[in-house]
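Trainee: Let's see this in three dimensions:
(2 chains)
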Amino acid sequence: MGIIIDARAEPTGSSRHADICVIGGGPAGTTVPLELARAGTATVLLVESGGWWPEPETEPLNTAELVGQPITGAFNAPLSSESLRVRAFGGGTRHWGGYCHPLEPIDLEHRAYLSATGWPISHAEIAAWYPAAHDRLLLGPYNYDPTSLAGMVGAQPPLDLGPNLTTAIVQRRATRLGWEDLPEIGAGPGISLLYHANVTHLQLHPSGGHVVSATARTTTGVQIELTADRFVIATGGWETPRLLLSSNDVRPAGIGNDHDLVGRYYADHLGISLALGLLVPAPEDLSLYDVTGLPLTTATPSGTPTQVHAFGAIGLSETARRDHDLPSVHVELLLEPAGALPEQATGASVSGLQDLLRASPGGAARTIATGRVFVEPVPRHDSRVRLSPSTDLFGMPLAQVDWRVDPLDLAHLTSSMEIVAAGISAAGVGRLQAPFGAVGVIDNPVSGRVAGNVRVVPQTNTPANVLFETTYHHLGTTRMADSATDGVTDPDGKVHGVDNLFVAGSSVFPTAAGYYPTLTIVALAFRLAHHLLEEST
Amino acid sequence: MISGPPATITRRHAIGAAVGVGSLLAVGACVVPDSWPGITVIGDNYRAAAPADAELSVLQSNLGHPAPGTTPGSLLTAHAPAVTSDYLAGRVVWLSTCVISITEARIAALWALRPDRA
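Mentor: Down below sits the predicted model:
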């Protein structure tokens, strides 16, 4: 039987031991121990900072110092650092929208037109675990074929958008990991969950190449020593470098930081609200393209019944990316109700395009859509998470997040929107007007549901003064690379130079790649779990 | 195909038309109310963005020397294949917040240069 322990009830000064200690109970941190426990060959201790729900005692521990590009939400609303993460069992899946799409092979390539790109593992090595990740996230079949999925949800076939655009199927189900794992943790052998336990320090052996123990502390003053043969940090793109950098008593620069790479290449997908995506004269059923998604009652790859929502995003094709030296870019659309007045819906004047369409063969606009653009950012060495002079209640330095956006990102946005405009116009679908930042889709991060509301902000931004919005994807900071001079972790997620310390989760992404990260985070966690099992044999 | 004036004639349009007819009768010249004000705005934006390409003679040449008074609807119909070719080839211009084909932009600019513009 598994053991579930509230660290606050433990005697201070006590200790716990397991074969493998996993720090952080988010999508990666819950997947690794469950998969290890299923194999039944190792004892696992899962350590989580939060409780079952966000709590006033622990949420302040999310505080970070934001010093770079302003981090704003939809409509460029300012966000506090505490609001960007959830400190409860399940981590990011406690507030995510459930959007999933796998990486494309080109995402992992070294792309000469984008600096510091290229993953040290092949697409096949990740793709092998996508079906398992689908099972874990209760998604439908591992099927992202647009024609097939359109048929499954009863929509018209995908539009022929030409060679430069593609319909990218997104499956959406906001599965709350952690919370939903409790029955399996409670019933499973060899797994212990220690919650309300904040790991504040990793103790290296004096040699500097081996983690001996971890210190966990509670907000009530309990301190517990955790020992294990191997440790896995799965605390996300901000907390993982914070822990590595602040554990600096043996190696002054921090663990794994001999080459000053811990915390660097921090990335977030760049979100942009499109006030008006399309003016659509075509009478086709475009329901496939509504971000709200069409319901699909189906089964996971292993046959568990589930219900997901599916929709088609409009993305740059591989051809367009290669021909125009562009990163991954896609647009999510929200179709407005029939009869919606564009000016009221968007706050922007659309009389120009309305007149143009009305005068053109095909006729006036029947449907309008607002939407959001996601741009894969250019990797930047100076976009980073480091330690702040300020500390938390444990005396641990806060994470200082210096998010940098590259001038090329704006050029990529502009070029991509021209390609999108050309593609949809050539296909006879409509025209694109892009007053950025005026409105956006309200995506409720708590419920995980798209509310389908549009908020009007009078000011519209042109591409020249656009302010990117966060997508809550904290990526990079312990990137994978074959060599310690190029990355913090090796292709298996092991920290270079430390023989028993691994990292799981979004921080190992060398590049942000495209779309949404959680499906890939879970797939990589399965891959790491099986690597750990193989190492044991 | 839908072209020509809008289906709904506003009071302002009606007054404008009446004034125009009256002026024509009175002095032999008129200012015709704009049936396509949005296209005029796009045309003005293109003239500002690409003044050389938006010279009247250049526009007329690029658009096949249309007869004076040809409406945007007629031109957009006549040049529909060129518009599609523009989009297929990525020949688009970003005018303020609108992303349209170069041919559409030229048609709009020509409309903005009509001699009877108010």
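Trainee: Chain A contacts on chain B?
Mentor: Proximity of chain B to chain A, by C-beta under 8 Å from any C-beta of the partner chain, involves residues B:1-3, B:6, B:36-39, B:41-42, B:71-73, B:76-77, B:80, B:83-84, B:86-90, B:92, B:94, B:96-101, B:104, B:108. The C-beta positions use only the backbone N, C-alpha and C, and glycine is treated the same way.
Trainee: doesn't A:Pro163 fall inside a strand?
Mentor: No. Counting by DSSP: H, G, I helix; E, B strand; the rest coil, one finds A:Pro163 to be coil, located in no strand.
Trainee: For it, give me its contacts.
Mentor: Residues in contact with A:Pro163 (C-beta atoms under 8 Å, 6 or more residues apart in numbering or on different chains) are A:Ser317, A:Thr319, A:Ala320.
Trainee: Likewise for A:Thr478?
Mentor: Counting by C-beta under 8 Å, 6+ apart, A:Thr478 makes contact with A:Thr240, A:Pro241, A:Leu244, A:Gly256, A:Val262, A:Gly487, A:Val488, A:Thr489, A:Val495, A:Val503, A:Ser507, A:Val508.
Trainee: Keep only those of those that are in strands.
Mentor: Taking DSSP state E as the definition of strands, these contribute A:Val503.
Trainee: Separate out the buried members of the contacts of A:Thr478.
Mentor: In these, burial by neighbour count holds for A:Thr240, A:Pro241, A:Leu244, A:Gly256, A:Val262, A:Gly487, A:Val488, A:Thr489, A:Val495, A:Val503, A:Ser507, A:Val508, counting by 16 or more other C-beta atoms under 10 Å in any protein chain shown.
Trainee: ok, now which ones touch the closest residue to chain B within the stretch 51-200 of chain A?
Mentor: Using C-beta to the nearest C-beta, A:Gly162 is the residue of the stretch 51-200 of chain A that sits closest to chain B, at 6.9 Å. By C-beta under 8 Å, 6+ apart, the contact set of A:Gly162 is A:Gly423, A:Ala426, A:Ala427, B:Leu88.
Trainee: can you give me the helices in the chain?
Mentor: Chain wasn't specified; assuming chain A. A:27-39, A:105-108, A:123-127, A:130-136, A:146-152, A:182-187, A:236-246, A:318-324, A:342-346, A:351-359, A:407-426, A:518-536 (DSSP state H).
Trainee: I was thinking of chain B, sorry if that wasn't clear
Mentor: Secondary structure of chain B (DSSP H): helices at B:11-27, B:37-49, B:56-62, B:72-78, B:80-89, B:102-112.
Trainee: which one of these is the most hemmed in?
Mentor: Mean neighbour counts were taken over those using mean count of other C-beta atoms under 10 Å in any protein chain shown, and the top value, a mean of 27, falls to helix B:102-112.
Trainee: and the direction of that one versus that of helix B:37-49, what angle?
Mentor: Counting by axes from the mean of the first three to the mean of the last three C-alpha atoms, to 10 degrees, helix B:102-112 points 100 degrees away from the direction of helix B:37-49.
Trainee: Just name whatever secondary elements helix B:102-112 is in contact with.
Mentor: helix B:37-49, helix B:56-62, helix B:72-78, helix B:80-89, strand B:92-95 (3 or more C-beta pairs under 8 Å, 6 or more residues apart in numbering or on different chains; DSSP states H and E).
Trainee: and the fourth one, what other elements does it pack with?
Mentor: Going back to what we said before, that points to helix B:80-89. Packing partners of helix B:80-89 (3+ C-beta pairs under 8 Å, 6+ apart): helix A:407-426, strand B:98-101, helix B:102-112.
Trainee: Just send the ones you listed back as a markdown table, with mean pLDDT too.
Mentor: Putting the helices and strands packed on helix B:80-89 into a markdown table (pLDDT from 0 to 100) gives the following:
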| stretch | mean pLDDT |
| --- | --- |
| helix A:407-426 | 90 |
| strand B:98-101 | 90 |
| helix B:102-112 | 96 |
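Trainee: now those in a markdown table, with distance to A:Tyr144?
Mentor: As requested, the helices and strands packed on helix B:80-89 are exported to a markdown table (distance: least, C-beta to C-beta, whole Å):
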| stretch | distance to A:Tyr144 |
| --- | --- |
| helix A:407-426 | 20 |
| strand B:98-101 | 28 |
| helix B:102-112 | 35 |
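Trainee: Can you tell me which of the buried ones among the contacts of A:Thr478 is nearest A:Leu519?
Mentor: Nearest to A:Leu519, judged by C-beta to C-beta, of these is A:Val508 at 14.8 Å.
Trainee: I'd say the closest one and A:Arg479 touch.
Mentor: Yes. The pair A:Val508 / A:Arg479 is scored as a contact, 6.5 Å apart, by C-beta atoms under 8 Å.
Trainee: correct me, but A:Ser425 touches A:Gln433?
Mentor: No. Checked against C-beta under 8 Å, the pair A:Ser425 and A:Gln433 is beyond contact range at 11.5 Å.
Trainee: Could you check which of the two has the larger neighbour count?
Mentor: Ranked by neighbour count (other C-beta atoms under 10 Å in any protein chain shown), A:Ser425 and A:Gln433 place A:Gln433 first, with 28 against 24.
Trainee: what comes up buried for stretch A:144-151?
Mentor: The neighbour-count check on stretch A:144-151 (16+ other C-beta under 10 Å) flags A:Tyr144, A:Pro146, A:Leu149, A:Ala150 as buried.
Trainee: so where is chain B shaky, pLDDT-wise?
Mentor: B:1-32, B:118 (pLDDT under 70).
Trainee: typo on my end, it should be chain A
Mentor: Within chain A, the segments meeting pLDDT under 70 span A:1, A:74-76, A:275-277, A:282-284, A:337-349, A:435-466.
Trainee: what does it have sitting close to chain B?
Mentor: Within reach of chain B by C-beta under 8 Å from any C-beta, chain A has these residues: A:162, A:164, A:275-276, A:348, A:351-356, A:358-364, A:414, A:417-419, A:421-423, A:425-426, A:431-435, A:460, A:462-463.
Trainee: Could you pick out the buried ones from those residues?
Mentor: A:162, A:164, A:275-276, A:348, A:351-356, A:358-362, A:364, A:414, A:417-419, A:421-423, A:425-426, A:431-435, A:460, A:463.
Trainee: Kindly export stretch B:111-118 (C-alpha atoms) in PDB.
Mentor: Taking Å, rounded to 0.1, in the frame of the first residue of the first chain, the C-alpha atoms of stretch B:111-118 are listed here in PDB:
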ATOM      1  CA  TRP B 111     -10.900  54.300 -56.200                       C
ATOM      2  CA  ALA B 112      -9.400  56.700 -53.700                       C
ATOM      3  CA  LEU B 113      -8.200  58.800 -56.600                       C
ATOM      4  CA  ARG B 114     -11.500  59.100 -58.400                       C
ATOM      5  CA  PRO B 115     -12.000  62.600 -59.700                       C
ATOM      6  CA  ASP B 116     -15.400  63.100 -58.200                       C
ATOM      7  CA  ARG B 117     -14.300  62.300 -54.700                       C
ATOM      8  CA  ALA B 118     -15.600  64.600 -52.000                       C
END
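Trainee: tell me which residues in it are buried?
Mentor: Buried positions in stretch B:111-118, judged by neighbour count with 16+ other C-beta under 10 Å: B:Trp111, B:Ala112, B:Leu113, B:Arg114.
Trainee: looking at it, the third one is touching B:Ser57, isn't it?
Mentor: No. Contact between B:Leu113 and B:Ser57 fails when scored by C-beta under 8 Å: they sit 10.5 Å apart.
Trainee: List the contacts of A:Leu138.
Mentor: With C-beta under 8 Å, 6+ apart, A:Leu138 has these contacts: A:Arg173, A:Thr175, A:Thr300, A:Thr304, A:Thr306, A:Val308.
Trainee: A:Val378 too?
Mentor: By C-beta under 8 Å, 6+ apart, the contact list for A:Val378 reads A:Leu114, A:Ser115, A:Pro327, A:Asp406, A:Leu408, A:Asp409, A:His412.
Trainee: What about those residues, which one has the most neighbours?
Mentor: The residue in these with the most neighbours, by other C-beta under 10 Å, is A:Pro327 (27 neighbours).
Trainee: Contact partners for A:Val199?
Mentor: The neighbourhood of A:Val199, defined by C-beta under 8 Å, 6+ apart, consists of A:Ile23, A:Val47, A:Ser49, A:Ala214, A:Thr215, A:Ala216, A:Leu226, A:Thr235, A:Leu243.
Trainee: Fine by me, thanks again.
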